[in-house]
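A.B. asks: Just to be clear, the model below is a prediction. Sequence and coordinates:
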Amino acid sequence: MSHARMEKSAVELENEVKRLLAEAEATDEAEDGRYGKGRRGEKLPEVLRFKQSRLAKSKEAKEAREQAEHQRLEQEKKSWSRRRRERRGMARQVVVASH
């Protein structure tokens, strides 16, 4: 999944979770009025638990991908610096050898 698609998916899931939480809250209030406070609706609806789980997994995957990319860039930077130092060392050897 591309970064842009993952971002869009995360936003869509966050909006869906917010909507479902608002819906659950409204249902809870209606049930409180009907059955008494705290007697029903103590658990999240299955669809909401699934969406929250999916959103959490998506965020974890995004963080892991970003961390892997950061590590790859750091490794590439170190490798580039090492090669640059090696080239400088070779250039100095050539200058010293030509004198």
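C.D. replies: It's in. Numbers count the residues shown, from 1 in each chain.
A.B. asks: ok, residue 18 - contacts?
C.D. replies: Neighbour list for residue 18: empty [criterion: C-beta atoms under 8 Å, 6 or more residues apart in numbering]. Placement of C-beta: from N, CA and C, glycine included.
A.B. asks: and the helix or strand harbouring it, which residues are buried?
C.D. replies: Assessed by DSSP states H and E, residue 18 sits inside helix 3-35. For helix 3-35, the neighbour count (16 or more other C-beta atoms under 10 Å) marks 9-10, 13, 16-17, 20, 24, 31 as buried.
A.B. asks: so how far is that helix from its chain's centroid?
C.D. replies: Computed by C-alpha atoms, centre = their mean, to the nearest Å, the chain-centroid distance of helix 3-35 equals 20 Å.
A.B. asks: chain center to the next helix or strand after it: distance?
C.D. replies: Toward the C-terminus, helix 3-35 is succeeded by helix 46-98 as the next helix or strand (DSSP H and E). Relative to its chain's centre, helix 46-98 lies at 17 Å (C-alpha atoms, centre = their mean).
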